[in-house]
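Student: The following block contains a protein sequence and its predicted model.
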Amino acid sequence: MSQWLEQVIDNAKDVSDFLTPTRQASLAELKAQGWPGKRTENWRFTPLTSVSQRDAVKVANAGEAEVPVIENLDVFDIVFVDGQLITSIADIDLPEGLTLSTLDDVSGDDEQAVKALFGHIKPQRHTFGLINDALATQGVFIDVAANANIQPTIRICNLTTQAVDVHSRVLVRIGEGASVTVMEHGEGNADSLTTAFAEYSIADNGYLEHYRFALFTDKAKQVGGSHFRLGDHARLNSTVVGYGSELSRLDVDIIHAGEFADAKMNAIYLLAENELFDLHTNIEHAVPNCTSEENARGIIGDGARAVFNGRIHIHRDAQKTLAEMNNKNLLLSRRALINTKPELEIYADDVKCAHGATVAEIDDTALYYLLSRGISRSKALVILNFGFIQELVNEIPKAAIGTWLLPKLSTRFSQMEVK
Amino acid sequence: MSEQIEQALSRKYDAGFYSEIESETFESGLDESVIRRISAMKDEPEWMLEWRLKAYHAWEKMEEPEWAHVEYPKVDFQGISYYSAPKSMKDKPQSLDEVDPELLKTYEKLGIPLHEQEMLAGVAVDAVFDSVSVVTTFREKLEEAGVIFCPISEAIKKHPELVKKYIGSVVPRTDNFYAALNCAVFTDGSFVYIPKGVRCPMELSTYFRINEMNTGQFERTLIVAEEGSYVSYLEGCTAPQRDENQLHAAVVELVALDDAQIKYSTVQNWYPGDEDGKGGIYNFVTKRGICHKNAKISWTQVETGSAVTWKYPSCILKGDNSVGEFYSVALTRGRQQADTGTKMIHLGKNTRSTIISKGISAGKSNNAYRGLVQMGPRSDGARNFTQCDSLLIGDTCGAHTFPYIESRNPTAIVEHEATTSKVSDEQLFLCQQRGLDPEKAVSMIVNGFCKEVFKELPMEFAVEAGKLLEISLEGSVG
Amino acid sequence: MLKISNLHASVEDKVIIKGLNLEIKPGEVHAIMGPNGAGKSTLGYVLSGRDGYEVTEGQVTFNDQDLLDMEVEERARDGLFLAFQYPVEIPGVSNMEFMKESVNAMREQRGEEPLTAAAFLKKAKEACKQVQLPLDFLKRGVNEGFSGGEKKRNEIMQMILLEPSLCILDESDSGLDVDALQVVAEGVNSQRDNKRSFIVVTHYQRLLDYIKPDFVHILADGKIVKSGDASLALEVEKSGYAFLGQAYEEAQA
């Protein structure tokens, strides 16, 4: 057991609201599981030493933080700084069909909706997810009415500026035939620890465009997850971008619960110095006729360490599934390390399922081609290495987001040492 | 259509008979005295006994492993007998004529005649029956070339310097629970030594037979290929059909010194248990080889038997430019569970590895590939290519892929691909339209799926493996 | 040789063949033409016994046996051959071993000894040459990575090797250029004699320029609405299936 976990469990005693039964159940599960160690398969390559002996910091006054601006993007921001909500939600002019509320301010029917989401989409076994269940009193509930087509992007920012523990939650209900774009953005470099978990329910024929930018660096630790359940003919397009920090771990679960659902996910990670980034994805094909496509690409430089675990689980009934997953990695340095594990677990026979993983260096032919056009070797390496992730940036549905992201990634990349 | 495939898969197990042979079998149970007795039976030197006891004491402290996706009733280690040998073997027959004819008959029935003149030309056989080696053929011919091929119990006495040097050098005594147990109680197995620059003139092969009830078989094989030498070795295994599970926990160590090549093939056909998962062998095996400079180790396995298989023939690519290969076909049906794969540990520069794994699952079985490809910090220019294909037959089985990849070298390249498919109705229909019955059609399609692996087997055994697969797929079609 | 009476057949509960009558005598070549969706390919699948094609009414006798009562492979061994419109790939199984098994299954049925490897190879090479496929196609996986035209020629090669008594060619001309078409047609013509019969299913008259039919039938909405000699095909060529409108109405009446 860790000192931090003991304090966390102690702090959870003070939390009491309409979600208490779920919170209590999660606490019980947490106690039963104990603190994950090296032999816990899900944490095999990701040590938790930076958290286990930490002091749980309960509350703090929000520091000064600059909210990142994405130009030319129609967006509503809901901003938390050091765990404190600094946006006045009441002042947002909401389009029709969209309801926003905070967890401490839901009532009536919404309370039922929140209860139906909270802890019901994410798997109830992730240590930090359970901790988040017990402690996340700050959170947002986004409700999109049936057939509403919400144009502006809804962005939830979690910024940290100091040594603080932040537990935040996002719950999203997308009605039948509705569509919306939600972005979860996290950033900070202080000695903070953020657990940010989001649960999305996409009803039949609904569409979610999703972004998760986990851009914590240095000592800012984050362990979070985005979890989706898709109904009949529901669609998801998700883009994940991760930097690494002392500890940065993201879990994505996509559950195909309705037939003909389709999920696409692209993930990019770009790690430098001694950062660690761990991406665990899990796609559950529980019903027939669904499709999923996942592409994860990472560049690992300096003494950084990346972990990728991508699982596809095809249940007995999920005939006619099409599932593809691909993970590609580039190591830039002799001190860098990648652990990747693309897993397939298949119980239905009439499915098309494939995965691939590579760890490679730049293609010699491509390099030669660039050199023959007079480009310097170092420049050519940068172009080719970066082109590798740029391909995924180009697939981002909203051009404004791609335009904002690309120079950020490129700056980060240019500071890394290319061998 | 899939119903027809299911039926085509009902299996007959040809090797399921029991031979009435009077045996000397230890009472079940394991403690230090049992190990002392085994060592005494084998007339072993003191250092070997000490080595066993050290392993035993380490094993006592070790935890029995549990694997995800593998379920079976736990082994009662005190309920097993650790030594059983035909009484007739006590007098150590000096030639084939002195061997109990019942024993020879057993091997004949399995298609392995032990009289040299009747054997496949160019294949030398060591026949291991429960805990002892019955006979090793063609020894004189091999000795002319300087090749040592004998039971390991004999090698311990006659070639102690070689055994001492290499035993446990690839799989340490405490490597894992079952390896440690094997170190403590191993009874027999084969020892092969190929001198410098020698190309072994024959295929070597060991045939393992479990016969006695309630016994465990703990075989140990050690192959040492000196600089620039070459050897191709094959092992086969069968056991009687019984309702009780039996444990087979082997350790195989291969040492390929500079420029040497070892080709190791396995056709594993232990009794798999019945349709409902009753009986069958637990096949918990540790196989590992080490490659020095420019050396090559190639593992090929065709796994159709055993109730539970847990086996990862591995290569430590220590020397620069060394090569590791793993070609595997694993067919599971009924309630069989196979968890098999390989580890390729790239330590040296420009090391290469290839992994081709073909898993076929049918019935209510589960078939998993589990593997590790590790690129160490000094493995400049190393390459790995892995291809894992699964074929599912019916919708009550499972096929799984758990590949672990770790790289610490920016110039190393790892490529992993996995796919899954089924025997399609269209393929079956085409074959039937051309006059083939469904059984033949399925076995032909499955054979095609496995082709890349079969072509790696020595010629004599490729045919045998194809037949084995066919027998496995054989049955009645309604 | 083949007699189809009042055949009704359905696929996934959808009725496709609706009362088809046809008699084929030894040595005859019957062309079956018709618009898309008329049931042309279905007829081939029903006759060869493909799963999922259910006969709901009618009889088919083949050499005086009840064809519908036989398994797929039994029909094949009795000499019924279907050249597929879209031949499936069987990875890893070479053409050679596939055909050897198949040829020997036919020989066993006829009470003949299996061919030796050498004898088979000789035959296979000849057949390969006849359809102008390079010899290395024998070693390649069945249809694996073949082009559309190569697959069609491979089907004809199999036909030549298996020496069936009734050949059903399901759109063996589709997707072929003129040269390939000629190869296919020559392959077929070389097999024509006074015993072997053919059902040539095609959408276009073009193939019939090369394979001269004795009879032409127009299949529409699951039955034969018009039969005639080779000139009927030319009529179709000239005026398309538009004339069917009337004939079809007549048939309905």
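Tutor: Thanks, I have the structure now.
Student: the strands in the stretch 51-200 of chain C, which residues?
Tutor: Secondary structure of the stretch 51-200 of chain C by DSSP state E, counting those that start in this stretch: the strands cover C:53-62, C:65-66, C:80-83, C:90-94, C:141-142, C:166-170, C:197-201.
Student: what is the rounded mean pLDDT of the fifth one?
Tutor: So the one you mean is strand C:141-142. Computed over strand C:141-142, the mean pLDDT rounds to 85.
Student: helices or strands up against the host helix or strand of residue A:153?
Tutor: Using DSSP states H and E, residue A:153 maps to strand A:149-160. For strand A:149-160, the packing partners by 3 or more C-beta pairs under 8 Å, 6 or more residues apart in numbering or on different chains; DSSP states H and E come out as strand A:75-81, strand A:98-102, strand A:138-144, strand A:165-174, strand A:179-188, strand A:193-202. All C-beta atoms are positioned from the backbone trio N, CA, C, and that covers glycine.
Student: how about a cut-off of 10 Å?
Tutor: strand A:75-81, strand A:98-102, strand A:138-144, strand A:165-174, strand A:179-188, strand A:193-202, strand A:207-216, strand A:221-230 (3 or more C-beta pairs under 10 Å, 6 or more residues apart in numbering or on different chains; DSSP states H and E).
Student: related to what we said a few turns ago, could I get the strands of the stretch 51-200 of chain C as CSV with mean neighbour count and distance to residue B:247?
Tutor: Below are the strands of the stretch 51-200 of chain C laid out as CSV (neighbours: other C-beta atoms under 10 Å in any protein chain shown; distance: least, C-beta to C-beta, whole Å):
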stretch, mean neighbour count, distance to residue B:247
strand C:53-62, 16, 51
strand C:65-66, 12, 56
strand C:80-83, 26, 52
strand C:90-94, 21, 35
strand C:141-142, 22, 41
strand C:166-170, 26, 56
strand C:197-201, 24, 61
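Student: quick one: which of those strands is nearest chain B?
Tutor: Minimum separation from chain B across the strands of the stretch 51-200 of chain C (C-beta to the nearest C-beta) falls at strand C:90-94, 3.0 Å.
Student: Give me the distance from the closest one to the chain's centre.
Tutor: Counting by C-alpha atoms, centre = their mean, to the nearest Å, strand C:90-94 is centred 23 Å from the centre of its parent chain.
Student: Identify all contacting residues around that strand.
Tutor: Residues outside strand C:90-94 that contact it (C-beta atoms under 10 Å, 6 or more residues apart in numbering or on different chains) are B:358, B:389, B:421, B:423-424, B:426-428, B:430-431, B:441, B:444-452, B:454, C:98, C:100-101, C:137-145.
Student: re earlier: tabulate the helices and strands packed on strand A:149-160 (CSV), appending distance to chain B and mean neighbour count.
Tutor: Below are the helices and strands packed on strand A:149-160 laid out as CSV (distance: least, C-beta to the nearest C-beta, whole Å; neighbours: other C-beta atoms under 10 Å in any protein chain shown):
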stretch, distance to chain B, mean neighbour count
strand A:75-81, 37, 20
strand A:98-102, 40, 17
strand A:138-144, 34, 22
strand A:165-174, 30, 26
strand A:179-188, 28, 23
strand A:193-202, 25, 27
strand A:207-216, 23, 23
strand A:221-230, 21, 26
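Student: Could you dump the ones you listed into TSV and include distance to residue C:213?
Tutor: Listed next are the helices and strands packed on strand A:149-160 as TSV, based on distance: least, C-beta to C-beta, whole Å:
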stretch	distance to residue C:213
strand A:75-81	70
strand A:98-102	69
strand A:138-144	64
strand A:165-174	61
strand A:179-188	58
strand A:193-202	58
strand A:207-216	55
strand A:221-230	55
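Student: Now distance to residue B:210 and mean pLDDT too, for these, in TSV please.
Tutor: Shown next, in TSV, are those (distance: least, C-beta to C-beta, whole Å; pLDDT from 0 to 100):
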stretch	distance to residue B:210	mean pLDDT
strand A:75-81	65	95
strand A:98-102	68	94
strand A:138-144	61	94
strand A:165-174	57	96
strand A:179-188	58	97
strand A:193-202	53	97
strand A:207-216	55	97
strand A:221-230	49	97
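Student: Single out the residue in chain B that lies closest to chain C.
Tutor: Closest point on chain B to chain C, by C-beta to the nearest C-beta, is residue B:448, at 3.0 Å.
Student: ok, back up a step: distance to residue C:210 added to the strands of the stretch 51-200 of chain C, as TSV?
Tutor: Shown next, in TSV, are the strands of the stretch 51-200 of chain C (distance: least, C-beta to C-beta, whole Å):
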stretch	distance to residue C:210
strand C:53-62	27
strand C:65-66	32
strand C:80-83	15
strand C:90-94	29
strand C:141-142	26
strand C:166-170	12
strand C:197-201	10
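Student: Lowest average pLDDT across those?
Tutor: strand C:90-94 (a mean of 81).
Student: what's the following helix or strand after the helix or strand of chain A with the lowest mean pLDDT?
Tutor: Ranked by mean pLDDT, DSSP states H and E, the weakest helix or strand in chain A is helix A:364-372, scoring a mean of 68. Proceeding N to C from helix A:364-372, the next assigned helix or strand is helix A:377-393, under DSSP H and E.
Student: Now do that next one, average pLDDT.
Tutor: Across helix A:377-393, the average pLDDT comes to 80.
Student: If anything else comes up later, I'll come back, but that's it for now.
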